[in-house]
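**Q** Could you work out the structure for the sequence below:
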Amino acid sequence: MRKHQELRVWQQAMDMVEQIYQISAAFPDEEKYGLTSQMRRSAVSVPSNIAEGAARGSSKDYIRFLYIARGSLSELETQLLIGQRLSYVNDVTPTIELIHQVSGLLGGLIRYLQNR
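**A** Okay, here's the model as predicted:
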C-alpha cells in the first residue's frame, strides 16, 4: 500500500468522492456536462492532489498540493450548495460535514508538515 493510502484524510476524501458520485447521479441529464461534471472533477481532485503531493520529494511541494486539494474542497462545497439551491439534491448536510472533516484533516496535515 502506498503511503498516501494510509492517511485518514485520503481515505475520507475517497469516501467523499463516492458520495458526490451518488448525489450527482440523480442530477438532470442537462447537467451532465455542467454541474455534475464540475462537482465530480472537484471531488476527484482532492484525493488525487493528496496522492500526488505525497509522491513529491519535498514537504514544500507536498504542502502546495494539499492547498490545491483544500481549494477543490471549497469549490465542491459551493457546487453542492448550488445543486441544493437548484433543487437537484435535498439534504446536503452529511456531505458538507464530510467536506469540513476532510478540510480539517488537510489543515492538520499542512501544519504538521510545516512544523517538522
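**Q** Do you know the pLDDT at the residue lying closest to residue 86 once chain neighbours are set aside?
**A** Nearest residue to residue 86, sequence neighbours excluded (Cβ to Cβ, 6 or more residues apart in numbering): residue 35, at 7.7 Å. Yep, even glycine has a C-beta here, placed from its N, CA and C like the rest. We have a pLDDT of 97 for residue 35.
**Q** element containing the residue lying closest to residue 67 once chain neighbours are set aside?
**A** Leaving aside its sequence neighbours, residue 67 sits nearest to residue 110 (Cβ to Cβ, 6+ apart; 7.1 Å). Take DSSP states H and E as the rule and residue 110 turns out to sit in helix 93-115.
**Q** so who does residue 52 touch?
**A** residue 65 (Cβ atoms under 8 Å, 6 or more residues apart in numbering).
**Q** In the helix or strand where residue 66 lies, which residues are buried?
**A** Assigned by DSSP H and E, residue 66 belongs to helix 59-85. Residues of helix 59-85 classed as buried by neighbour count (16 or more other Cβ atoms under 10 Å): 62-66, 68-70, 72-73, 75-77, 79-80, 83-84.
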